[in-house]
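Asks: Got a predicted model here, sequence first, then my questions.
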Amino acid sequence: MATKEAFLLPIGEDDSFEILEQPITTLETDIAEVNYDKAKAKTAMLAEEAEDSILELQMLLKKTKTGTATLEDKDHLAEINSKLSALKKEIIESKTMEKSTELEFLRSSTRMKVTEVKLAMKEKDIRRALHAIKLAESVDIAFIIDCTGSMGSYIESVKNSIRQIVDRVVSTNCDMKLRLAIVGYRDIRDTSRFEIMDFSPSVNDFKTFLASICATGGDDAPEDMAGAIKEANELAWENPTKIAFIIADAPCHGREFHGYDDSYPDGSPGINIIDELKALEEKAGPQGTMNVTFGRITDQTDTMIARFQENKVSIDQVGIEESSKLTKTVTASVRKSIFKTVTCIGKPGASVSFAPIDGIEEVLKGDRALSRKSDASLKDYTISPSVPTSIDWTKQPFSRVKVYRNVRIKKVSDLQEPIKMGLLRFVSSAVAGKASMSPTDKTFESSMLIRRAPSPFAEGEIRLAYHGQLAQKEKDLGKVEHGMVFKSFKHLGKRVHDRGQYLKQMEASELQYDIFILVSAIADFLARAYNESPSKPAHCCNVSVLPVIVVEEEDEKNETTGNRRFCVEQHLPKGGTEFVKYSNNTGYWDEDVLDETLLRFTKFTHDITHGYILVSDLQGVRRGSSYYLTDPVILCKDILRFGNTNLGEKFVKKCIDSTNAHLKEHKWG
């Protein structure tokens, strides 16, 4: 997708920036301290010199009084008086300078103290995220397996693949602690109705127990799955991440669940399988999850699963028509369950980027901490998902806005330094292209025009999204290529809508809102580098990241309503896939949509910056041979950069280890 020049507003030879104030650095604080010390020393030196001169003056005055002063003494007295007058003036100036440098030193010291506090708070957030992941990587898996005659190959496959499953999950979740259990079941009248091993951390014990189970028995087509679920409820579940993996080629008893002959048409006697499944779900607890997954082998179980879902039973179904698919399927199920638990344990913190409830909500992701501020209240708004027509747009007035963006990134080494941002000033279209004009003759503009729909079309936890238009000329506003998405914070309150919250999406804004502008700019720079790199195989797609700018209405009338400033970005292209979240910032990849291109892109961002940066939390659409991504997260060794979703070096390692493991697992490495 070609980038629209009017939107990107490139900085050319003629265009310029009014650079905004940059954050204080340690070096600047040190310089302020040196200047303060010099000023103090100078004042002290002048005071000492004045004191010596006063003593000398007193001695000469005494001589004058007693009549013993010589002509030379009288001349010297005049010199001392003149010197003291000059010293008095110098001391006043020095003290003024001393106070000034002291104030600057105190200011810079205070700002550094604030930075130290931010660092401590960020480290606490990272420890909390690590703790959530460590808890989530404590996993209980119970295999509920039909052990009748037709299931021999699946019992053998579970036994043979469990070690590989464990190794694969550990490659992406290095702290995993696993306990395994088995509930083997047959039919009600079989001699060995159940074969049960409660949870054990020993993979060898699990394999030994499985080896002792023989695939035998079974009466009619349905089996006693209800009894097995009841037995599973009696297991000693305790880890936060709980998984019940049901493997069966036949339905449970009960006429409503299938169309076969059934010795127990009303279901297993005394057991309601729906109630038992819901009881199993409740094992999740307040700080954990229970993921019930059914491994589908034949279509004989389809009606049963449909009835479960109609009765509000939360059950995932995965295809394992061949026993060889078990390793991949169970591995993916465990990884997804761990991530689900991280999401549960981590909320309402803002450091982990969570999977969206709906695709559009993740596009609107932001700092969740903001929504919990006691002095913030919701705006008055109504969601209107329809796209405005051309007639609708003509009814909307346009506003003149100032435009802010980052300085263009030119090379990888730029990423390790603070990236400046500022008010864009570009050559007026009236004089653009006139090479004969001198720089002093050129007319500069620092504004554009916008129109915005009155109601948002979607909302996230923090932001509202509006349809809008952005152009330099009024006649261009209605053109398709000037259609944009405008995003604003959905809350009102003190400082919520300050320019800094939108714009100082720079290195050290108070709430570190750099995830909207800087992160997109850096990710886009790295995507362009990846597309041109030998690291990108010819068969892989290109990657593009939507850039972001900030606009601010020149008129202040919308200041109090929170509708004066907006983050602006292009629409994702139409005609591609549905919006998808591919990964997050803790190393999780959605294996249902896993793609070599995005794995390689993530690895490239890590390798090209020597591990300083890694672009994560990839989400967007694929159209043809290109991915178009929005709102990524940057993980960086410097934890005070790139907002609160930057979890630092430990998570850089988690993400790159997971990425490399997936590349190796799929033989893409």
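Replies: The structure has been received and is ready for your questions.
Asks: tally of neighbours for Asp167?
Replies: 11 (other CB atoms under 10 Å). Every C-beta, even on glycine, is put in place using the N, C-alpha and C of the backbone.
Asks: tell me the pLDDT at it?
Replies: What the model reports for Asp167 is a pLDDT of 92.
Asks: in what helix or strand does it lie?
Replies: helix 152-172 (DSSP states H and E).
Asks: Please apply the same query to Pro286.
Replies: With DSSP H and E as the criterion, Pro286 is inside neither a helix nor a strand.
Asks: Which parts of the stretch 551-669 of the chain are strands?
Replies: 565-570, 580-581, 613-616, 619-623, 626-629, 633-636 (DSSP state E, counting those that start in this stretch).
Asks: weakest of the ones you listed in terms of mean pLDDT?
Replies: strand 565-570 (a mean of 89).
Asks: Now do that strand: which elements does it pack against?
Replies: strand 447-452, strand 463-471, strand 483-489, helix 499-503, strand 549-553 (3 or more CB pairs under 8 Å, 6 or more residues apart in numbering; DSSP states H and E).
Asks: now do 7 Å
Replies: strand 483-489, helix 499-503, strand 549-553 (3 or more CB pairs under 7 Å, 6 or more residues apart in numbering; DSSP states H and E).
Asks: contact partners of the helix holding Asp167?
Replies: 143, 145, 147, 176, 178, 203, 206-207, 210-211, 213, 215, 247, 323, 326-327, 330-331, 334-335, 587, 658, 661, 665 (CB atoms under 7 Å, 6 or more residues apart in numbering).
Asks: What average pLDDT does the next helix or strand after that helix get?
Replies: Next helix or strand after helix 152-172 toward the C-terminus (DSSP H and E): strand 177-185. Strand 177-185 shows an average pLDDT of 95 in the prediction.
Asks: I'd like the numbering to begin with 749 instead of 1 from here.
Replies: With 749 as the first residue, the last one maps to strand 925-933.
Asks: Pairing partners for strand 925-933, with directions?
Replies: When pairing is defined by DSSP bridges, strand 925-933 lines up against strand 886-894 (parallel), strand 942-948 (antiparallel).
Asks: re the thing from before, kindly reformat the helices and strands packed on strand 1313-1318 as JSON lines containing mean pLDDT.
Replies: Converted to JSON lines, the helices and strands packed on strand 1313-1318 look like this (pLDDT from 0 to 100):
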{"stretch": "strand 1231-1237", "mean pLDDT": "90"}
{"stretch": "helix 1247-1251", "mean pLDDT": "49"}
{"stretch": "strand 1297-1301", "mean pLDDT": "88"}
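Asks: in which helix or strand would I find Ala795?
Replies: helix 774-814.
Asks: Next one: the spatially closest residue to Lys1385 that is not a sequence neighbour from Ile1361, what distance?
Replies: Closest residue to Lys1385 apart from its sequence neighbours, by CB to CB, 6 or more residues apart in numbering: Glu1397 at 4.7 Å. Plainly put, Glu1397 is 11 Å away from Ile1361 if you go by CB to CB, to the nearest Å.
Asks: what about those two, which has more around it?
Replies: The neighbour comparison of Glu1397 against Ile1361 (other CB under 10 Å) goes to Ile1361, with 25 against 16.
Asks: who touches that one in this structure?
Replies: 1163, 1353, 1382, 1384.
Asks: Kindly report the same for Asn1279.
Replies: Per CB under 7 Å, 6+ apart, neighbours of Asn1279: 1290-1291.
Asks: could I get the contacts of Ile1361 as a markdown table with distance to Leu1240?
Replies: Below are the contacts of Ile1361 laid out as a markdown table (distance: CB to CB, whole Å):
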| residue | distance to Leu1240 |
| --- | --- |
| Leu1163 | 35 |
| Thr1353 | 37 |
| Ile1382 | 29 |
| Cys1384 | 32 |
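Asks: out of the residues you listed, what pair is the most spread apart?
Replies: Thr1353 and Cys1384 (10.7 Å; CB to CB).
Asks: Please identify which of these two sits among more neighbours.
Replies: The neighbour comparison of Thr1353 against Cys1384 (other CB under 10 Å) goes to Thr1353, with 30 against 25.
Asks: quick one, what contacts that one?
Replies: 1274, 1361-1363.
Asks: chain center to stretch 1202-1221: distance?
Replies: 21 Å (CA atoms, centre = their mean, to the nearest Å).
Asks: Could you check how many residues crowd around Met1169?
Replies: For Met1169, using other CB under 10 Å, the count is 25.
Asks: can you pull the pLDDT of Val1111?
Replies: For Val1111, pLDDT reads 30.
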